[in-house]
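**Student:** I need the structure of the sequence given here:
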Amino acid sequence: MGGMAGRGRLRIYLGAAPGVGKTYKMLGEAQRRRERGTDVVVGFVETHGREHTAAMLDGLEVLPRRIVDHRGASFTELDLDALLARRPEVALVDELAHTNVPGSRNAKRWQDVDELLSAGIDVISTVNIQHLESINDVVEKITGVPQRETVPDRVVRAADQIELVDMAPEALRRRMAHGNVYAADKVDAALGNYFRVGNLSALRELALLWLADRVDAGLQQYREQHQIDATWEARERVVVALTGGPEGETLIRRAARIAARSAGGDLLAVHVTRSDGLTGADPARLAEQRRLVESLGGSYHQVVGEDIPDALLAFARAENATQLVLGGSRRTFLSTMLTGPGIGATTIRESGDIDVHIVTHAEMGRGRLPRAQGSLSRRRLGYGFALAVVLPPALALLLGLGGDTLNLTSNVLAFLFAVVVVALVGGLWPAMLTAVAGTVVLNFFFTPPTRTFTIAEPNNALALGIFVAVAALVSSVVDRSARRTRQAARAAAESETLATLAGTVLRGETALQALLERVREAFGMTSACLMERIDSDELNESWRPIASAGTPTCRRPEDGDAKIPGREGLVLVLQGRSLAADERRLVGAFAAHAAALVDRARLSEAAAEAKPLAEADKLRTALLRAVGHDLRSPLASAKASVTSLRSSDVDWSPAERDELLETADESLDRLSRLVDNLLDLSRLQAGVLPVFTRPTALDEILPGVLGELDDDGAGVTVELPPGLPLVEVDPALLERVLANLLANAIRYSPAGHGPLLTGSALGDVVEIRVIDRGPGIPVEDRDRVFAPFQRLGDTDNTTGVGLGLALARGLAEAMGGSLRPEDTPGGGLTMVVSMPSATMNDAPVPGRLERGGAR
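**Tutor:** Residues are numbered from 1 along each chain as shown. Below you'll find the model as predicted:
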C-alpha cells in the first residue's frame, strides 16, 4: 500500500495516432512492475473492445469506475476518491486529455492525475500528439478533424518520463485492416479519411519533432545544471559567421546544406561587432543576409566582442554547436605576413571539438591591409598616425642641427622617446610605423657611413636592432595598458551598476517601471520592455508586455536588439543596439530582479485576495470563541424559565409566573439583538446590507434610540441646536448606530454622569457626538475597539460579544459617513458620527446605495 512522501512521478506513453499501442504498452509496463512486487492499481483503462489489450488486464487490480448520470444517460468515470483512499504505489490512468462528465470534481482527467501526483502516487498515462494544445490547430489542418479534448503542453512536458510509441503508417493501416483497432464496419471510412498515409506520416513527424524538442530542452537543462561546456553532438547545430561582406550568401547556403544533411539540424548565423561600433560591415547587406538565413529556416544572432575568434567560439559553445562555418580570409598575402594568423587560423586552433569549415569564395585575397583596430578611439589613432609621419623627419632635422656633438646612442634614445610619445597617443600600429621610420632615418642619416643604408660597425647594427625591439615592446605595453584601462573602466561601471541594483533590492524598491528606465539609461537603449509569454504554443508563441520604458514598445521579443531571459516565460527585450557578452551578464541581473518584482507583485496580489478569506476565518474563530457564552446564557435563561413554568411539581404564584415570563422575554430579546447584530455584521462584510437613504431629521430618530435603551435611556442628556440640517441617512441604520454608541457610553459612564448627545453642522457634514466621562481609551488601542468581538479591558462576557462598535462603524460607513473616537476634555471618550447633510449635491454619496439597492 501507499504511504509515500513527496510528489509522485508521471510517466506518459505518447502516440502519433490512435491504435499505435499506447494502452497496450502501459499495461505491459504495469505487468512488469506487478511481477517485481510493486502495488499497481488500474484506475481507468479504456480497451475500446480490443481483445489483445483487454487480455493485458489479467492479474491486475482494477478499481471499479464511478457511475455518473448526465441528461438522462449514465457514464463511467475514474473514481478519484476511491483511488486516493486505496493509495497504491502506481496508478494507471488512461487518456490523459479526456474531458470528465459535468458534475465531476475536475473538468479534465489531467487534473485528476495532478491530484494523484500531489498525493504521492506514481501515475502512468497515455496521450496522442493531436491532443496537445500547442499543435491542436496544426493537426486539424492536416487531418481536417477538429480535436475537442486537449491537454496543456506544460502538463505533458512536466512528466518525469515520456516514451514514444511509434509505428510506421503502413503498419498501422495493416493493423486497422485486420480489425485490431476499429470494428469492421468502421475500418474503410477510417482508412479513407483520418488514417491516410499522408496524415499518419505528418502526425508521426509531429510526434517525433515534439519529443525531440522536449529531449533537447532536458539535455540543455542537464548541461547547465552540471556546468558542461563541451559540445555534445546530439544534434547537428551549424553556426555560420558573417562579416557583412559579399561572401555572406555563399557561406549561408553552404552552412544550410551542411545542416540539411542531418534531419532536424539547426542553422544559426552570427555576426560579431565590436563595442565601439568599428565593424566595417554593410548594414544593408547584413539585413539581406539575415532575411536569407530566416528564409532557410535558420536564426540570426548578433553578439559583441573585442576578440572575434573568442566571441565566435563562446557563442558556438553556448549553443552547443557542432560545426562552425567561416569564409576564407579576404586579406592579402602582405597583410597576413605583417599581422600574423587571421581569424580563421585562430578559430581553428581554439575550436576544440567543434568542426570548423573554411569555405572558399570569390572575394578571397582581395582585401586591403587591415585597418588599425587597437583599443583606442578613432581620433587617437588618427593623431598617432599623424605624429608617426611628422615626428621622424622633424626629429632628424633637429638632431642634424647638432652636428657631431651627439653620437648614435643619443640619437637612438631620442627616436625611442619619439616612439614612446606616439605609442602613448596612438597605440601599437602608429608606434610601429614610427619605429620603422626611425630605423630608416637613423641608418641613413646618423649611422656611419651616412647617406647610405650600409652599416659599417656591428655595434651600430645591434643598437638599431635593439631600438626596433624596444620600440615594439613599448608600443605593445602601451596598447595593452589602454585595453586594460578600458576594461577597468567597464568593470567599474558594472560594479557601480550592480551596486545600484543591490541598493534597490536592499531598500525594497518595487517600481518595475523605474527599474526598466534605469536599464535603458545605463546601457544607452531606446527602449526596455519586460514581456511575458501568455501562450505556450510551440509554433506561434504569444507575448504581452508587462512594463516598458522608452519608445517604441516591443510587441514581441523578435522586435528587440537584445533578449535577456529573466525566468521561464519572462524576457527583458532591449532596443537600440546589441549587447556585449559582459553586458548581457549585467543585464541578466536586472532581468532576474525584474522577474522577482513581477513575482513579488503577484504574490502580494494573491495575499491581498487571500486576506479577506483570512479575515473571515479569523472572524469565524473569534465568533466561535466569543458567542459560546453569549448565546448559551440567554438560551439557558429562557429555557430555565419556560421549563419552570411547565413544571407541575411547583405551584407558582401569579407574581412568580410573571417574573419567569419576564426573564424569558428579556433573554429572548437579548438573543434576538445578538443574532441581528451578527447577521448585520456578516452582511456588511459581504457587501450585501441594503441601505435606503432619505433626508431625515435627528429629532425623528432620537425617540426610537432612547426607547431601545429602555430605562438606561433616562440618564442620557440630549442637546441638539435648533436649525440643524437634515441628514441623508437610512433612519433605521442610524438609530442602530446611535443606540449602540449610547449603550456603550452608559456602560462606562460613572454613576450620576450619564452620556451627552449633541450635534453640529460643519459645511456639508452633520456631526453627532456621544460624550461620556468614563475611563476613555488609550490612543494606541482606539483602532482595536472597532474590531469585532473586542471588549477592551473587559473580561465580563455578560456585557456582550463586542459587536457594538464594529457594527456601528460599519453601518455609518455603509451610509457614506464615518465614526471616529476623540478624547473628551476633562476625561472620557467622545464618539463622533459624521453624516452627509441633505443639502449636499444629488450625486450619490460614496459608499451609499440608491433606494432599493443592495451592497
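
**Student:** Can you show me the strands along the stretch 51-200 of the chain?
**Tutor:** 61-62, 66-70, 73-77, 90-93, 122-128, 161-165 (DSSP state E, counting those that start in this stretch).

**Student:** Could you point out which of the ones you listed sits nearest Arg175?
**Tutor:** Arg175 lies closest, by Cβ to Cβ, to one member of the strands of the stretch 51-200 of the chain: strand 161-165, at 12.5 Å. For every residue, glycine as well, the C-beta is placed using N, CA and C.

**Student:** Which of the strands of the stretch 51-200 of the chain sits closest to Met26?
**Tutor:** That would be strand 122-128 among those, by Cβ to Cβ, at 5.3 Å.

**Student:** roughly how far is that closest one from the heart of the chain?
**Tutor:** 29 Å (Cα atoms, centre = their mean, to the nearest Å).

**Student:** still on that earlier bit, adding distance to Phe445 and mean neighbour count, write the strands of the stretch 51-200 of the chain out as a markdown table.
**Tutor:** Shown next, in a markdown table, are these (distance: least, Cβ to Cβ, whole Å; neighbours: other Cβ atoms under 10 Å):
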| stretch | distance to Phe445 | mean neighbour count |
| --- | --- | --- |
| strand 61-62 | 106 | 13 |
| strand 66-70 | 107 | 13 |
| strand 73-77 | 104 | 13 |
| strand 90-93 | 95 | 26 |
| strand 122-128 | 89 | 26 |
| strand 161-165 | 82 | 17 |
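
**Student:** of all these, which lies closest to Ser653?
**Tutor:** strand 66-70 (65.1 Å).

**Student:** hang on, the earlier thing: quick one: the strands of the stretch 51-200 of the chain as JSON lines, columns for mean pLDDT and distance to Ala316 too.
**Tutor:** Written out in JSON lines, the entries for the strands of the stretch 51-200 of the chain read as follows (pLDDT from 0 to 100; distance: least, Cβ to Cβ, whole Å):
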{"stretch": "strand 61-62", "mean pLDDT": "94", "distance to Ala316": "54"}
{"stretch": "strand 66-70", "mean pLDDT": "86", "distance to Ala316": "56"}
{"stretch": "strand 73-77", "mean pLDDT": "88", "distance to Ala316": "53"}
{"stretch": "strand 90-93", "mean pLDDT": "96", "distance to Ala316": "44"}
{"stretch": "strand 122-128", "mean pLDDT": "95", "distance to Ala316": "36"}
{"stretch": "strand 161-165", "mean pLDDT": "91", "distance to Ala316": "29"}
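
**Student:** would CSV of the ones you listed with distance to Ser749 be doable?
**Tutor:** Below are the strands of the stretch 51-200 of the chain laid out as CSV (distance: least, Cβ to Cβ, whole Å):
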stretch, distance to Ser749
strand 61-62, 75
strand 66-70, 65
strand 73-77, 67
strand 90-93, 69
strand 122-128, 69
strand 161-165, 76
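
**Student:** For Glu306, find the nearest of those strands.
**Tutor:** Glu306 lies closest, by Cβ to Cβ, to one member of the strands of the stretch 51-200 of the chain: strand 161-165, at 43.6 Å.

**Student:** from the middle of its chain, how far away would that closest one be?
**Tutor:** Averaging C-alpha positions (Cα atoms, centre = their mean) puts strand 161-165 29 Å from its chain's average.

**Student:** Show residues contacting that strand.
**Tutor:** Residues from elsewhere that reach strand 161-165 (Cβ atoms under 8 Å, 6 or more residues apart in numbering): 9-15, 20-22, 25, 156, 207-208, 211, 214.

**Student:** sorry, back to before: relative to Gly810, which of the strands of the stretch 51-200 of the chain is closest?
**Tutor:** Nearest of these (Cβ to Cβ): strand 66-70, 44.1 Å.

**Student:** number of nearby residues for Arg520?
**Tutor:** Other residues lying near Arg520 total 20 when counted by other Cβ atoms under 10 Å.

**Student:** And Ser578, by the same measure?
**Tutor:** Residues near Ser578, counting by other Cβ under 10 Å, number 18.

**Student:** before we move on, what SS does the residue lying closest to it once chain neighbours are set aside have?
**Tutor:** Nearest in space to Ser578, with sequence neighbours left out and distances taken as Cβ to Cβ, 6 or more residues apart in numbering, is Gln302 at 4.5 Å. With DSSP: H, G, I helix; E, B strand; the rest coil as the basis, Gln302 sits in strand.

**Student:** go on, Pro18?
**Tutor:** coil.

**Student:** Repeat that for Arg769.
**Tutor:** Arg769 - assigned by three-state DSSP - is strand.
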